[in-house]
Each structure stands twice: as structure tokens, then as C-alpha cells.
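J.: Here is a sequence together with a model predicted from it:
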Amino acid sequence: MLRLLSFRWLALRAGVTARLAFAAVAGLLASSSLLAQSCAMCYDQATQAGAKASRAIDHGILLLLLPTLCFFAGVLVYAVRRANAHQ
């Protein structure tokens, strides 16, 4: 019986190790694409576009930021209320 439990533990540990290795590789591959968001060509095109286009980019950034902040605030309020309810 002990031998069977030991085998199951090793199999479980191997699965966890494989998942962690996959997550590490995925993180390393994703980091190169994340760094590409600040490429020099995009920056040059944005600065040469003019004041009106620059204002449009600023509005687009704010438009994308607003739902994210609202979602974050909602999760924070939910967490605080749930923590206070259990006290």
C-alpha cells in the first residue's frame, strides 16, 4: 500500500512540475511580445502624427483604462465587504 501511495505522490509532483515549467516557458515567450509594445517605429509614428492624432491616442488610452480601473475597484470593494462580513 505504501508503494502505491508513493507512486501517486510522484505522479502528482511530476504533474505540478510540468505545469510550472510550462508556465515559465510561456512567460518567457510572452515577455518578448510585451516588450515590443514600446517599439521605436510606433513611437516615431505617434509623435509625427500631429496634435489631433496625439489627442486621439490620449483619449483611446483613457478609454481603455477606465473599464480596467472600474473592474479593479469593483473587485476591491467586493473583497473588503466579504472580509468585513466574516468578522
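T.: Perfect, thanks for sending it. Numbering: from 1, shown residues only.
J.: From now on I want contacts and neighbour counts done on CA atoms only, so please keep to that.
T.: Will do.
J.: Do you have the helices of the protein handy? List them.
T.: With DSSP state H as the criterion, the chain has helices at 2-35, 40-48, 51-85.
J.: rank these by pLDDT, which is bottom?
T.: Here the lowest mean pLDDT among the helices of the chain goes to helix 2-35, at a mean of 66.
J.: what would the helices of the chain look like in TSV with mean neighbour count?
T.: Formatted as TSV, these follow (neighbours: other CA atoms under 10 Å):
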stretch	mean neighbour count
helix 2-35	11
helix 40-48	11
helix 51-85	11
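J.: From L64, how far off is I57?
T.: I57 sits 11 Å away from L64, going by CA to CA, to the nearest Å.
J.: Please enumerate the shared neighbours of these two.
T.: With contacts taken as CA atoms under 8 Å, 6 or more residues apart in numbering, I57 and L64 have no neighbour in common.
J.: quick one: contacts for L63?
T.: Here L63 is in contact with no residue (CA under 8 Å, 6+ apart).
J.: do the same with A46
T.: Taking CA under 8 Å, 6+ apart as the criterion, A46 is in contact with 53-54.
J.: what about 7 Å?
T.: By CA atoms under 7 Å, 6 or more residues apart in numbering, the contact set of A46 is S54.
J.: same deal with K52?
T.: Per CA under 7 Å, 6+ apart, neighbours of K52: none.
J.: Outline the domain layout of this structure.
T.: Taking automatic domain parsing as the criterion, the chain consists of the domains 1-38, 51-87.
J.: what distance separates the last one from the centre of its chain?
T.: Chain-centre distance of domain 51-87: 15 Å, with CA atoms, centre = their mean, to the nearest Å.
J.: how near is T17 to A23?
T.: 10 Å.
J.: oh, I was asking about N84
T.: Distance of N84 to A23, computed by CA to CA: 34 Å.
J.: can you check L63 too?
T.: Counting by CA to CA, the gap from L63 to A23 is 31 Å.
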